[in-house]
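Undergrad: coords please:
(2 chains)
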2 protein chains.
Amino acid sequence: MSEYTIGVDLGGTNLRAAAIDRAGNILHKVTSATPVGGGRDAVVENIVSEIRTTQDALSDKTLKGVGIGIPGYILMEQGIVVGAPNLPEFVDYPVRDEIEKRLGTRVVLENDANAAAIGEKWFGAGRDVDDLVMLTLGTGIGGGIILGGKALHGCLGMAAELGHITVVPNGNPCGCGNNGCVEKYASATSVSAMAKMLNLGADLPAEEVYRLACAGNERAQSIFDTAGTALGTTIASLINIFNAPLYLIGGGMSAAWDQFAPAMLAEVSRRSFTYRTHPPRIERAQLGSDSGLYGTAWLGWGEASTL
Amino acid sequence: MSEYTIGVDLGGTNLRAAAIDRAGNILHKVTSATPVGGGRDAVVENIVSEIRTTQDALSDKTLKGVGIGIPGYILMEQGIVVGAPNLPEFVDYPVRDEIEKRLGTRVVLENDANAAAIGEKWFGAGRDVDDLVMLTLGTGIGGGIILGGKALHGCLGMAAELGHITVVPNGNPCGCGNNGCVEKYASATSVSAMAKMLNLGADLPAEEVYRLACAGNERAQSIFDTAGTALGTTIASLINIFNAPLYLIGGGMSAAWDQFAPAMLAEVSRRSFTYRTHPPRIERAQLGSDSGLYGTAWLGWGEASTL
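TA: This next block holds a predicted model:
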């Protein structure tokens, strides 16, 4: 009987799950609203129910494990979330054990941005490398660092907070307490905020700013130039730190690649001598919004994933 | 018969070597001028001769291997130097095999800043951790990253170029082509250069600037405040990237710790939420100028050292 795993992406808004086989084929996919209002138990019940629905749909196949991506800090060995601004009820709660108990299947938790990087490593742009660094541009900027095929977690699961690398020492204030974090220049939220600063609109979503830039609006384009420059400064430092063969940009904002990449690559070239002499690949992630599902599904196989 | 290894520190000026036993005791130590003027063969001959002298002095013990720290990029598996601004004749020359052949003993090459970090991991401030990040403040700023007890090399041996992390986007120009690299603010050379900018003296060594600061000279102190702030910005980003339990400052400039550490720690606290909530250790390296000798000696035992 053929085997598969299930990857779950637990966002603050949506819960997504996909059954994926060993070769990376998606066998089944479900999406539902995350019932955050119903509290922790409702969310856990929803996860379990989506997994059971998927199992029923694939009753001729064997589920080998489940990976769950969570926007928070994870202690991998304990399977506990130690910090999650958008899912506060999950902090210090034994999510993994609770879901394992109900399903009778191995469950692995992972930070959502790490899961995206793992997905790209095993099924996406990083298939042929062992090391990569990924920036996920969304509401904020998440990071994932893969070394030797494994995700870098750090001693408290707080590694790869790449969105909080300083790029403008006295720049825009960030919720983290710093000034000038890259996520204040290159996240979807910051693109909207810069559009407001430039009187393009009070609540213009990043997609709209993107459309304006595509249509030739110079102020809109200047926002993506700023975002690209901030990303370039960040990636140049990451190249000098990791000397990895691949740097990936994922997340919703990566759709604006054509608008921000020229400024980004010029800045990387200006700032990193390693890039000028031995250029690594700097590319868009390939799996789009599914990278986290692929990554968590891969974790479901239970292979060593943590550095 | 008891065993030992030899660590060699091949600088542009001095060649140093130390015989060290498994427990980290220095059994014998030699220093000589690096005969750079005599060309590559003279340098290799000098290394071999210093090692043979050491072997003669320890004839009742067995030499198990030799590690050599070189200020350049090393391809570890091949044992070849691929870039070394201060030792250009060594580039693409099979240093390791050449010395192994003459000595009949295992030889391991390593970048000097990586070697210093390895030394601190096994015999110094990092003995009780698996992960650490070290900045070596000298003429420039070198870096070493230890993860799981092993040094991060990157795909071309160019990882951990921490001196070239951008801290001031439009700051002092750096020889690497970037502006505002941390080594333009916190190396011994940059301290001298800032002393000149402040009319403290045209060619004042960093040690003199340090003495002036200790004596209460406010302009001299402002230089160390600037250096500390640059280091703090760097370490805050490194904390957000690695979430390691230990960050070390080594090299000659670390002697000025009391002058630059207050500004450095204030900046780290301001910029890293991880530091504010889960502070890692930020300390001076413990082995002083011997950290590289300890690191290369450790490599001589032949254990897996590369991530």
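
Undergrad: drop to CA atoms for contacts and neighbour counts, all remaining ones
TA: Will do.

Undergrad: mind listing the helices for the stretch 151-300 of chain A?
TA: Ranges of helices within the stretch 151-300 of chain A are A:183-186, A:188-197, A:206-214, A:218-242, A:257-271, A:273-277, A:291-300, based on DSSP state H, counting those that start in this stretch.

Undergrad: so how far is the fifth one from its chain's centroid?
TA: Its chain's C-alpha centre and that of helix A:257-271 lie 21 Å apart, by CA atoms, centre = their mean, to the nearest Å.

Undergrad: got it, and stretch A:62-77?
TA: Taking mean C-alpha positions (CA atoms, centre = their mean), stretch A:62-77 and its chain are 14 Å apart.

Undergrad: over to stretch A:278-286?
TA: Relative to the centre of its chain, stretch A:278-286 is centred 17 Å away, using CA atoms, centre = their mean.

Undergrad: hang on, the earlier thing: mean pLDDT, mean neighbour count and distance to A:Asp130 for the helices of the stretch 151-300 of chain A - can I get that in a markdown table?
TA: Below are these laid out as a markdown table (pLDDT from 0 to 100; neighbours: other CA atoms under 10 Å in any protein chain shown; distance: least, CA to CA, whole Å):
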| stretch | mean pLDDT | mean neighbour count | distance to A:Asp130 |
| --- | --- | --- | --- |
| helix A:183-186 | 98 | 29 | 26 |
| helix A:188-197 | 97 | 22 | 29 |
| helix A:206-214 | 97 | 19 | 33 |
| helix A:218-242 | 98 | 24 | 12 |
| helix A:257-271 | 98 | 21 | 22 |
| helix A:273-277 | 95 | 16 | 19 |
| helix A:291-300 | 97 | 31 | 15 |
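
Undergrad: let's have these in a markdown table, adding distance to chain B.
TA: A markdown table is the format used below for the helices of the stretch 151-300 of chain A (distance: least, CA to the nearest CA, whole Å):
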| stretch | distance to chain B |
| --- | --- |
| helix A:183-186 | 13 |
| helix A:188-197 | 19 |
| helix A:206-214 | 25 |
| helix A:218-242 | 4 |
| helix A:257-271 | 4 |
| helix A:273-277 | 6 |
| helix A:291-300 | 20 |
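
Undergrad: would you mind giving those as JSON lines with distance to B:Asn199 added?
TA: Below are these laid out as JSON lines (distance: least, CA to CA, whole Å):
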{"stretch": "helix A:183-186", "distance to B:Asn199": "38"}
{"stretch": "helix A:188-197", "distance to B:Asn199": "41"}
{"stretch": "helix A:206-214", "distance to B:Asn199": "49"}
{"stretch": "helix A:218-242", "distance to B:Asn199": "32"}
{"stretch": "helix A:257-271", "distance to B:Asn199": "30"}
{"stretch": "helix A:273-277", "distance to B:Asn199": "32"}
{"stretch": "helix A:291-300", "distance to B:Asn199": "56"}
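
Undergrad: which residues in chain A form strands?
TA: In chain A, the segments counted as strands under DSSP state E are A:3-10, A:14-21, A:26-33, A:62-70, A:73-75, A:80-83, A:107-111, A:132-137, A:141-147, A:150-151, A:246-250, A:281-284.

Undergrad: would you mind measuring from A:Gly251 to A:Gly144?
TA: Distance, A:Gly251 to A:Gly144, by CA to CA, to the nearest Å: 12 Å.

Undergrad: now the common contact residues for those two.
TA: Common contacts of A:Gly251 and A:Gly144, defined by CA atoms under 8 Å, 6 or more residues apart in numbering or on different chains, comprise A:Leu135.

Undergrad: A:Glu303: how many residues sit nearby?
TA: 9 (other CA atoms under 10 Å in any protein chain shown).

Undergrad: A:Gly39 too?
TA: Count around A:Gly39 with other CA under 10 Å applied: 14.

Undergrad: once you drop chain neighbours, what's closest to it?
TA: Counting by CA to CA, 6 or more residues apart in numbering or on different chains, A:Gly39 lies nearest to A:Glu89, which is 7.3 Å off, once chain neighbours are set aside.

Undergrad: distance of the one you found relative to A:Glu45?
TA: Taking CA to CA, one finds A:Glu89 at 14 Å from A:Glu45.

Undergrad: wait, the residue nearest to A:Gly39 sits on A:Arg40?
TA: Yes. If you go by CA atoms under 8 Å, A:Glu89 and A:Arg40 touch, sitting 5.9 Å apart.

Undergrad: before we move on, the earlier item: for B:Glu120, find the nearest of the helices of the stretch 151-300 of chain A.
TA: helix A:218-242 (19.2 Å; CA to CA).

Undergrad: tell me what the closest one is packed against?
TA: When contacts are defined as 3 or more CA pairs under 8 Å, 6 or more residues apart in numbering or on different chains; DSSP states H and E, helix A:218-242 packs onto helix A:183-186, helix A:188-197, helix A:206-214, helix A:257-271, helix A:273-277.

Undergrad: between the ones you listed, which gets nearest to B:Pro280?
TA: Comparing those by CA to CA, helix A:183-186 comes nearest, at 23.4 Å.

Undergrad: residues touching that closest one, excluding its own?
TA: A:137, A:140-141, A:163-164, A:172-174, A:190-191, A:224, A:226-228, A:230-231.

Undergrad: change it to 6 Å
TA: Outside of helix A:183-186, the residues within contact range by CA atoms under 6 Å, 6 or more residues apart in numbering or on different chains are A:140-141, A:163, A:190, A:227.

Undergrad: thinking again about what came up before, what distance do you get for the residue nearest to A:Gly39 to chain B?
TA: 19 Å (CA to the nearest CA, to the nearest Å).

Undergrad: same thing with A:Ile68?
TA: Applying CA to the nearest CA to A:Ile68 and chain B gives a distance of 22 Å.

Undergrad: residues contacting A:Thr277?
TA: Taking CA under 6 Å, 6+ apart, one finds nothing in contact with A:Thr277.
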